[in-house]
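Enquirer: What would the 3D arrangement of this be:
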Amino acid sequence: MGIIDRVILSIYTLLLTMISLGVMLLSLRLISLDIVWTSFSYVYGQWEAGVVSFLFLLVSLRLLCAGIGPSRRRDTIIHHTEMGDILISLSAVENLVEKVTRHTRGVRGAKILVAHKEPNGLHIDIRAAVSPESNVPEVSAEVQQRVKEYIKNTVGVELVDINIRVENISNDFKPKQRVK
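Expert: The predicted structure follows:
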């Protein structure tokens, strides 16, 4: 559930709490029924009240769909075993791909993006910087082959696509900056 859904859910919960409190006070006869009927008579024929109630209905349907809809496990790879499920995050796969890519001769740097493509496969985008003395098609093919084999052996997933975009051909090596 995203941040917008959480904010809407908080407001929605607050409104339902106030309505529940009002019904509880009404059932205990702490609020006069005449006051409630008088308040509702002001709403009759007011288009603004209809718009607010329509928005409330839309929010209810949105939260209902978010709650009933399929769980969003797109950021993990799930392996089912006899003893339980194994969940591997896509960020962990990105780190593995980055390690293999950076340790390939001729690659100076890489940025990796991993996404689910199919239930049993992945889509990997690699943006790389290659050294000028290397053959770009050979380096790219080697990176693709090494990444495919390493991910299959380590994570146990067949890759669907490995796209490589060479964005720079340079001797400059930019090490990954770490937070200290």
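Enquirer: Any idea which residue is closest to the centre of the protein?
Expert: By CA atoms, centre = their mean, the chain has its centre lying nearest to residue 75, at 6.3 Å.
Enquirer: buried set for the lowest-mean-pLDDT helix or strand in the chain?
Expert: Lowest on mean pLDDT, DSSP states H and E among the helices and strands of the chain sits strand 76-81, with a mean of 75. Of all the residues in strand 76-81, those buried under the rule 16 or more other CB atoms under 10 Å are 76-77. For every residue, glycine as well, the C-beta is placed using N, CA and C.
Enquirer: Export only the CA atoms of that strand, formatted as CSV.
Expert: Written as CSV, here are the backbone C-alpha positions of strand 76-81 (Å, rounded to 0.1, in the frame of the first residue of the first chain):
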residue,chain,number,x,y,z
THR,A,76,10.7,-10.3,-4.5
ILE,A,77,11.4,-13.6,-6.1
ILE,A,78,9.5,-16.4,-4.4
HIS,A,79,10.8,-20.0,-4.3
HIS,A,80,8.3,-22.5,-2.8
THR,A,81,10.0,-25.4,-0.9
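Enquirer: and the helix or strand following that strand with strand 76-81, angle?
Expert: Using DSSP states H and E, the next helix or strand after strand 76-81 towards the C-terminus is strand 84-89. Per axes from the mean of the first three to the mean of the last three CA atoms, to 10 degrees, the angle that strand 84-89 makes with strand 76-81 is 160 degrees.
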